[in-house]
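1. Just need the structure, nothing else, for what follows:
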Amino acid sequence: MKRVTALLLTGTLVMMTALSVRGQDITRPAQPAPLTPQQMLAAARQRAVDQVLLSARSDNPFMRANAIEAAQNLPDRVQPLVQLALEDRATVVRFAALMTVGQLRLGHLLPSVEPHLTDPNNSVRMAAMFAMHQCGRTVDLSPLAEMVVSQDPVTRRNSVMILGMMGEPSAIGLIKDGMRKPLEKEHPVHYALARVMAAEAIAKLAAAQQGERYREEELEALHALRAGIWSNEDEVRVLSLLILARLGDRSQRPAVEGLLAEPPIEMQLAAAEYLARTGQPAGVDMVVATSRHNRPAIRAQAATTLGLIDQPNAVTTLIGMLDDSEELVRLAAATAILQKLGGRG
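-> Okay, the predicted model is just below:
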């Protein structure tokens, strides 16, 4: 009897339901609206944060250094990470930590910065000068005048980069004088790369100043960077184009569109980044396809470029790269996601 009653109750419920919709169109429940690119990124944010924190403890010093740079997008977490990195055994990590102190003006960390003014490594010493200067401390910057003419290509490139970031227009003359002295024992490409970075530094310093003289300096530097796109050296071409992208120079758009299909792949990705940064994304399918390239460094470059593109397929691909087999790629994807979202702790 109980079973029959149950069946009757079930039948009644079905009948009542059928009656309630009689004469109406039966449609499927409305599907939720697809997530926007920003919502997809927000949903992946914690995974990106976890990757940065994991890479900050990596056995690879370059991953630790890159993680410190990525942590600049994590204002509530960056300070303890930088504090530890200042004591790292690897010079590249100490350099990244000191640069972060200066860029974020983490003045309370200066007691840990000051000992690095006598670090045996040139790049670490100049990064300590930068950190002290940016945090408002008086520091002797005269050693930078020697470093800008150093015969070590890394020292020279880092010195002109730091001078450009300090914002002191008087450094323009120092940088130009330094670039007149070639790197005698190095391959010519190293000297060319140093000159490209010098042009970036001068362009940034001049753009921040008023007056006709500075406009001329800026235009001269931009002209050098635009010419660099057509260098015989692929490294110079790629770096020149990436710098123009960061500077927001839109003058090369028509020419750069043609570079999307011109090997090497590094140049194609640089062209896509330039177009994305200057407000005209193109070559998105190429960048998405490159996320599956066999070389991790290329996939990492693709992740950086994808982070500049708002299209759903680009964002979906970027988030998927958090599962890449290589830490370099995972960290690049995490950094791109956090930069896209902006720092929120």
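2. domain parsing for the protein?
-> By the assignment in automatic domain parsing, the chain contains the domains 59-137, 141-243, 257-337.
3. Looking at the ones you listed, which is nearest to A33?
-> Closest of these to A33 is domain 257-337, at 12.6 Å (criterion: C-beta to C-beta). C-beta: built from backbone N, CA, C; applies to glycine.
4. Next one: M147 relative to P34, how far apart?
-> Going from M147 to P34 by C-beta to C-beta, to the nearest Å gives 52 Å.
5. So between these two, which is more surrounded?
-> Neighbour tally, M147 and P34, criterion other C-beta atoms under 10 Å: the higher count belongs to M147, 21 against 8.
6. Grab the nearest non-local neighbour of the more buried one.
-> Distance criterion C-beta to C-beta, 6 or more residues apart in numbering; nearest residue to M147, sequence neighbours excluded, is S159 at 4.0 Å.
7. ok, now which ones touch that neighbour?
-> Contact partners of S159, counting by C-beta atoms under 8 Å, 6 or more residues apart in numbering, are M126, L144, M147, V148, S150, G178.
8. Give me the phi and psi angles of W230.
-> Phi and psi for W230, reported as degrees, to the nearest 10, are phi -110, psi 20.
9. That one is in contact with L241, isn't it?
-> No - using C-beta atoms under 8 Å, W230 makes no contact with L241, being 10.2 Å away.
10. about what we covered before: show me the two of the contacts of S159 that sit farthest apart.
-> Using C-beta to C-beta, these span at most 13.1 Å, a distance reached by M126 and G178.
11. Name the residue in these two with the higher neighbour count.
-> Shown here are M126 and G178; by other C-beta under 10 Å, M126 has more neighbours (27 against 23).
12. Tell me how many other residues surround A208.
-> When neighbours are defined as other C-beta under 10 Å, A208 has 12 of them.
13. Which helix or which strand is home to the residue nearest to M147?
-> Using DSSP states H and E, S159 sits in helix 153-166.
14. Need the residues that contact whichever helix or strand comes after that helix.
-> Downstream of helix 153-166, the first helix or strand assigned by DSSP H and E is helix 171-179. Outside helix 171-179, the residues that touch it by C-beta under 8 Å, 6+ apart are 144-145, 148-149, 156, 159-160, 163-164, 194-195, 198, 201-202, 205-206, 217.
15. ok, of those residues, which come out buried?
-> 144, 148-149, 156, 159-160, 163-164, 194-195, 198, 201-202, 205-206, 217 (16 or more other C-beta atoms under 10 Å).
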